[in-house]
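J.: mind folding the following:
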Amino acid sequence: MKDWVLDYLGALGAGGLFLGLIVEALGIPFPGGLMTLLAGILVNQGKLDLFHIMAAAVLGFNVGATVAYTIGRCIGEPFFLRYGKYLLVTPDKFDQARSWVYRSAPAFIIFGRFVPMISNLTPYLAGISRLPFLQFLIYNFLFALSWVSINLGIGIFFGHHWESIFSLIQSRLPLLAAGVLVVCLLYIVIKQKVQHRI
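T.: This next block holds a predicted model:
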């Protein structure tokens, strides 16, 4: 995967990252974070220009999120009400997520994108909830800028040691994934117990 992404970025440069992050922002399973991190490594090596990569990544992510927002606004609610159970989105969860958008749209859009399983739904739910488009665009831009900066920064900072870092990540990835899953499950169980007591 890593070698394919490096070849892809080496051949297509900023345009390839732009297209990749459109797909990532649509919520389609795609290694957008890895691609951005590897772009940072190539910037570190002088093979890509930082300004062009940063602009392409932020623009691509915002284009993809805008398309997802539009889909959510136009056809999202009937889809989730009819097929949400197959995505483990019950009507109650759907209403709860929509109320989060109304209560705190900035927190939901900026920080919700960092939460696994919610991140892919965030722009769709913002559209479904009829959040004003300009407001969505501002919050999504802030998230995209921070997310791209973090991933590019890691790639640039650790660019000289990327091979040893990737070998470490690959060897520890199952353990890390299991740890994240346990933390998420504990959070859900504790939250449900607290809600039942209230």
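J.: low pLDDT regions in this protein?
T.: Across the chain, the stretches falling below the confidence threshold (pLDDT under 70) are 1-12, 83-90, 93, 115-118, 159-182, 184-185, 187-188, 191-192, 194-198.
J.: what about 90?
T.: Judged by pLDDT under 90, the chain has its weakly predicted residues at 1-17, 19-21, 23-49, 68, 71-131, 147, 150-198.
J.: show me where it has helices.
T.: Applying DSSP state H to the chain gives helices spanning 2-25, 32-44, 50-71, 77-83, 91-103, 105-112, 122-128, 133-157, 162-197.
J.: would a markdown table of these with mean neighbour count be doable?
T.: C-beta coordinates here come from the backbone N, C-alpha and C atoms, glycine included. Output for the helices of the chain, formatted as a markdown table (neighbours: other Cβ atoms under 10 Å):
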| stretch | mean neighbour count |
| --- | --- |
| helix 2-25 | 18 |
| helix 32-44 | 24 |
| helix 50-71 | 20 |
| helix 77-83 | 14 |
| helix 91-103 | 14 |
| helix 105-112 | 19 |
| helix 122-128 | 27 |
| helix 133-157 | 18 |
| helix 162-197 | 11 |
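J.: ok, residue 67 to residue 52 distance?
T.: Using Cβ to Cβ, to the nearest Å, one obtains 22 Å as the distance from residue 67 to residue 52.
J.: ugh, wrong one, residue 41
T.: Here residue 41 is placed at a distance of 15 Å from residue 52 (Cβ to Cβ).
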